[in-house]
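1. Have a look at this prediction, sequence included:
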Amino acid sequence: MPADSPTARFVRLAETGRPKLALRIDGRPAEALEGDTLLVALLSHGRRVRDSEFGDGARAGFCLMGACQDCWVWRENGERLRACSTVVEAGMAVLTRPPADYWPMTPDLAAHLSRAGGES
Amino acid sequence: MSAPSAPRVVVVGAGPAGVRAAQALVEAGLRPVVIDEGRRDGGQIYRRQPEGFTRGYAKLYGSEAPKAEALHRDFDALRGKVDYRSETLAWNLTPGELHTVRAGEPQVLPFDALLVCSGATDRLAPVNGWHRAGCYSLGAAQIALKAQACAIGSKVVFLGSGPLLYLVAAQYVQAGAQVAAVLDTAPARPPLAALAGLLARPRLALRGLQLIRQLRRAGVALRKGVRPLEILGSDEHGVAGVSVFDAHGDVQRFDCDAVGLGWHLRAETQLADLARCEFAFEPTSRQWLPRLDEDGRSSTPGVYLAGDGARILGADGAEAAGRLAALAALSDLGHAPGRALYQSQHADLRRTLATMDRFRRGLALAFPWPQAQFAGLPDQAVVCRCEAVTAGELRRCVDQTGSREVNRAKAFSRVGMGRCQGRYCGHAAAEIIAHACRLPVEDVGRLRAQAPVKPLPMDTREVLS
Ligand SMILES: Cc1cc2nc3c(=O)[nH]c(=O)nc-3n(C[C@H](O)[C@H](O)[C@H](O)COP(=O)(O)OP(=O)(O)OC[C@H]3O[C@@H](n4cnc5c(N)ncnc54)[C@H](O)[C@@H]3O)c2cc1C
């Protein structure tokens, strides 16, 4: 269970009987529960959601109500998601660091990612 | 069904204020549009957990369970009678038109009357280290629990002031989370004027005392009159503790891996701002709020404001304000059934709101905004989390550019320019700027809102341009 993992930031206190979902976080397989927000899925596996682009370290969300905008992550195709207001879906593939050196996505990069097997 | 000539009324927000506004409009025979960016109705306090969660009302809402259940039931009953649009953001306002977006699809809604019931967010004061992972707003700590059945960490410190500080801590204890300490910046002895206000709602005041007793019984360290020093830890690994000066001036340190931080609430006034409503400085809570009459009319004709988005009166106040503002709008539009309801109900609703307002003042005096804290905030402390602008950079900017007004200081320092649009740094930045140029905080002005009130998805922007 993610709750017992010492690396998880969030602690599940109840509602743990929900069906499980498989997703991918930074290319690695991960598990969430149906109804989890993406933020909860990320913080049941790790301790960060993204890095501040201003060099002041890891961030793990702040307001959880869609107001602070501090939890935006990426799908593998480069689309951006606000983790606290996105519900996890089975097969979702997310990245906590920008998908490539350049962002936003260019058509070239999209083609490259799909050739590299970035299907979700 | 409403007649073709029925006035077009739009409600923003499906919290207590918005739901009661919609209900009043339906009673008067209208079919209003109700917009909310959330997936489900209920707003903040009566936030609904996702489908598939099984905790009951008593567990989720405690003493407020019957009110939560009533609000949800009443909104469910309105479903066929209102044009409810969930997951829809109202992102801009131009005269007579509300601009919305849902799943990347923009839509403009013309209105004859607009009821803005946009609620509040946490009110934050920066503490050195609050940018570290694991530091959350108090409201966030509660949302994690209510909406996701999670604690924000394995050992949590709550720091700040206000009723929510004790409420969320007690909810964490009840849910089985470990709470290391509750650290309140308010003095142990509230001023007499605060007590007079709190007695306007004795049942609620008593409940506050019960929460404190409950925390004490659970062995949670409670400190009043603290001054925050630092959210300890590292930028890489996040929060590892909190240090404060206690009421005697001694340094105390509490180990933890998460912090819930907050000083009561601030109104979400962006739409009122875009509607060009006049604002006034409210000295008790030290925040700028839209000018309102007793019924919720703003200074802009056709725009009505109710609930925490206008005045932080709490959920019961929001319900009364939503109903009153809706009836006032109908009465102003010359809608006969609406006017009849307004005439028979407005006096009672106004009286309820006056009581709520006395209580609001009591709370603001008992749990004051920590205005003395800003002068001592170290230069390296981050003020704006979006752009990592520090207190030192902001002070230097005021010195070097002579910015004596917040919007000017924003242009130079970028404080308040980030993605949250100053929601979490605006009040503190104004205090720091005011202190740096030795002016009363009301003289440095307020950050003005800009559209979009929240970031839009990229593809929406393409459609719009
Ligand atoms: C995080 C948090 C937790 C709280 N917890 C408690 C508590 O436990 N107990 C308590 O007594 N009080 C609590 N409060 C205060 C309480 O929320 C309010 O008193 C009450 O909910 C106010 O009702 P309202 O209808 O004015 O606003 P809200 O309940 O906040 O509802 C506002 C609604 O408007 C929507 N909205 C806002 N802007 C837009 C927009 N531009 N476009 C679309 N939709 C929009 C929001 O999604 C929200 O659903 C809390 C406040 C916050 C911020």
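-> Perfect, thanks for sending it.

2. and the residue in chain A positioned nearest to the ligand, what does it touch?
-> Among the residues of chain A, residue A:65 lies closest to the ligand, at 5.8 Å counting by Cβ to the nearest ligand atom. Every residue, glycine included, has its C-beta placed from N, CA and C. Taking Cβ atoms under 8 Å, 6 or more residues apart in numbering or on different chains, we find residue A:65 in contact with A:84, B:44, B:121, B:139, B:140, B:143.

3. for it, helix, strand, or coil?
-> coil (DSSP: H, G, I helix; E, B strand; the rest coil).

4. got a pLDDT number for it?
-> For residue A:65, the pLDDT comes out at 96.

5. before we move on, back to that, so which of the contacts of residue A:65 sit within helices?
-> B:139, B:140, B:143 (DSSP state H).

6. measure the last one to chain A for me?
-> This points to residue B:143. Distance, residue B:143 to chain A, using Cβ to the nearest Cβ, to the nearest Å: 4 Å.

7. pretty sure that residue contacts residue B:47?
-> Yes - with contact defined as Cβ atoms under 8 Å, residue B:143 reaches residue B:47; the gap is 6.8 Å.

8. more crowded one of the two?
-> residue B:143 (23 against 19; other Cβ atoms under 10 Å in any protein chain shown).

9. Just give me the neighbour total for residue B:347.
-> 8.

10. Tell me the residues of the stretch 351-465 of chain B that contact the ligand?
-> The stretch 351-465 of chain B comes close to the ligand at residues residue B:453, as judged by Cβ under 6 Å from any ligand atom.

11. Would you map the helices across the stretch 351-465 of chain B?
-> B:391-401, B:406-413, B:426-436, B:458-464 (DSSP state H, counting those that start in this stretch).

12. Which of those has the highest mean neighbour count?
-> With neighbours taken as mean count of other Cβ atoms under 10 Å in any protein chain shown, the helices of the stretch 351-465 of chain B reach their highest mean count in helix B:426-436, at a mean of 24.

13. report the angle between the axes of that helix and helix B:391-401?
-> 50 degrees (axes from the mean of the first three to the mean of the last three Cα atoms, to 10 degrees).

14. now the helices for chain B?
-> B:16-27, B:57-61, B:65-78, B:138-148, B:163-175, B:192-198, B:202-217, B:270-274, B:314-332, B:336-366, B:391-401, B:406-413, B:426-436, B:458-464.

15. Single out the most deeply packed of the ones you listed.
-> helix B:16-27 comes out most buried of the helices of chain B by mean count of other Cβ under 10 Å, with a mean of 28.

16. who in chain A is up against the ligand?
-> residue A:65.

17. Any idea which residue of chain A lies closest to chain B?
-> Closest approach between chain A and chain B, counting by Cβ to the nearest Cβ: residue A:57, at 2.7 Å.

18. Ignoring the adjacent residues along the chain, who's closest to that residue?
-> Leaving aside its chain neighbours, residue A:57 sits nearest to residue B:235 (2.7 Å; criterion: Cβ to Cβ, 6 or more residues apart in numbering or on different chains).

19. ok, now residue B:109?
-> Using Cβ to Cβ, 6+ apart, the closest residue to residue B:109 is residue B:98 (4.6 Å).

20. Just the pLDDT at that neighbour, thanks.
-> pLDDT, read off for residue B:98, is 98.

21. ok, it - contacts?
-> Applying Cβ under 8 Å, 6+ apart, the residues contacting residue B:98 are B:10, B:12, B:35, B:90, B:92, B:108, B:109, B:111, B:114.

22. likewise residue B:116?
-> Residue B:116 touches B:12, B:13, B:271, B:272, B:275, B:303, B:304, B:305, B:306, B:309, B:310, counting by Cβ under 8 Å, 6+ apart.
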